[in-house]
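Visitor: compute the structure for the input listed below.
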Amino acid sequence: MPISAKELVDSVSELISLPGTVMRVNDMTNDRQYSAADIGETINQNHQLSARLLRIANSPFFSFPSHINNIPRAITVIGTQELRDLLLATSAIDVFDELPNKLVSMETFWRHSLRCGVIARSLASHLHKPNVERFFAAGLLHDIGSLLINHKLPKLADKVLFHSNKNRQRRFIIEEELIGFNHATVGAELLRHWGLPDYIVEAVEHHHTPNLAKHHPQDAAIAHIANYLSNTMPSNLGENLATSEALDFTALKTAGLSPEDLQAILKHSENQFNDTLEIMVYDQVA
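Guide: Predicted coordinates for the structure are as follows:
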């Protein structure tokens, strides 16, 4: 009997739980009775998480003019929801670092995911969107479902990769044909299971099909564009845009972007990606 995306997530739910501190912060952020000080105190109870957040806060990722030396200050400067979204996204790297996966290099996977997250954040910043960390989180987590498919359904995942390469077809389409669902659907089910915000869940679920996003279409459009750009070098962008089948051009309209915007954003994102790669990925997958 074919397995569903939700059943796949349920089958590994005990192996891929976020840290208790992260789940607690997520719940507290959604409850108005808790103050920023309460949330900061909870984060401080996990020294590894608090140290990571401070490293990120003081990195070129934010480029704040003065040093941030404690979590309450980070919450004040970055924002409560923004810090929550950043915490949720970066904690996922640790979760999957413990999950055996023979079909993909975790360093390569997270490099691509981080590039997508940084580009999504840059796109949102260019558009002056509030809480740009939500877009970073969606970009960082957009392919997370593929790790579950690789882990639980390795033979099918290998078959998907073979057919995708042989026929030069996009992987999510082959997944639908061979498995019955795709990695975006699995990723969304996982994030929904974790209780992540709907805007991140929908962006992940529809990063290949942004036209299907009903509640947060701009989030999905930005995740889609960022995923396309994360596979494109700045020098090749113009040529790729002219011939690409991977980019849904209606997503540009939904996001409020033009093709001309993408070149400058991609160049800026590449510089920021190189600055933040070590602190976001290497110190977690090493």
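Visitor: now for the top helix by length along the chain, which elements pack on it?
Guide: For the chain, the helix reaching the highest residue count under DSSP state H is reported as helix 106-126. Helices and strands touching helix 106-126, as assessed by 3 or more Cβ pairs under 8 Å, 6 or more residues apart in numbering; DSSP states H and E, comprise helix 80-97, helix 133-141, helix 217-230, helix 259-277, helix 283-285. Every C-beta, even on glycine, is put in place using the N, C-alpha and C of the backbone.
Visitor: and the next helix or strand after the second one, how far out from the chain middle?
Guide: Secondary structure here is assigned by DSSP states H and E; on that basis, the next helix or strand after helix 133-141 toward the C-terminus is helix 144-152. For helix 144-152, the distance between its averaged C-alpha position and the chain's averaged C-alpha position is 15 Å (Cα atoms, centre = their mean, to the nearest Å).
Visitor: just the C-alphas of helix 144-152, formatted as PDB.
Guide: C-alpha atoms of helix 144-152 as PDB (Å, rounded to 0.1, in the frame of the first residue of the first chain):
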ATOM      1  CA  ILE A 144      14.100  19.500   4.000                       C
ATOM      2  CA  GLY A 145      11.500  17.000   2.800                       C
ATOM      3  CA  SER A 146      14.000  15.400   0.500                       C
ATOM      4  CA  LEU A 147      16.100  14.400   3.400                       C
ATOM      5  CA  LEU A 148      13.200  12.400   4.800                       C
ATOM      6  CA  ILE A 149      12.500  10.700   1.500                       C
ATOM      7  CA  ASN A 150      16.200   9.800   1.100                       C
ATOM      8  CA  HIS A 151      16.300   8.400   4.600                       C
ATOM      9  CA  LYS A 152      13.000   6.400   4.600                       C
END
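Visitor: where does the chain have low pLDDT?
Guide: 1, 98-100, 233-236, 238-244, 280-286 (pLDDT under 70).
Visitor: and it, what are its domains?
Guide: For the chain, automatic domain parsing gives the domain ranges 1-14+101-286, 17-98.
Visitor: export those to a markdown table and append columns for mean neighbour count.
Guide: Listed next are these as a markdown table, based on neighbours: other Cβ atoms under 10 Å:
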| stretch | mean neighbour count |
| --- | --- |
| domain 1-14+101-286 | 19 |
| domain 17-98 | 17 |
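Visitor: got a list of what residue 149 touches?
Guide: Contact analysis of residue 149 by Cβ atoms under 8 Å, 6 or more residues apart in numbering lists 8, 156, 157, 160, 175, 179, 183, 186.
Visitor: sorry, wrong one. I was asking about residue 51.
Guide: By Cβ under 8 Å, 6+ apart, residue 51 has no neighbours at all.
Visitor: how much space between it and residue 140?
Guide: Shown here: residue 51 relative to residue 140, a distance of 19 Å by Cβ to Cβ, to the nearest Å.
Visitor: if we can go back for a sec, what's the farthest-apart pair in the contacts of residue 149?
Guide: Based on Cβ to Cβ, the longest span within those runs between 8 and 160 and measures 14.1 Å.
Visitor: nearest spatial neighbour of residue 152, skipping sequence neighbours?
Guide: residue 8 (5.8 Å; Cβ to Cβ, 6 or more residues apart in numbering).
Visitor: same deal with residue 144?
Guide: Residue 144 sits nearest to residue 187 (Cβ to Cβ, 6+ apart), 4.6 Å away.
Visitor: look up how far residue 8 lies from the one you found.
Guide: For residue 187 relative to residue 8 (Cβ to Cβ), the value is 11 Å.
Visitor: quick one: common contacting residues for these two?
Guide: Common neighbours of residue 187 and residue 8 (criterion: Cβ under 8 Å, 6+ apart): residue 148.
Visitor: for the residue nearest to residue 144, what is the enclosing helix or strand?
Guide: helix 183-194.
Visitor: same deal with residue 207?
Guide: Taking DSSP H and E as the definition, residue 207 sits outside all helices and strands.
Visitor: make sure it is actually in contact with residue 138.
Guide: Yes - at 7.5 Å, residue 207 and residue 138 qualify as touching, with contact defined as Cβ atoms under 8 Å.
Visitor: now do the shared contacts for those two.
Guide: residue 223.
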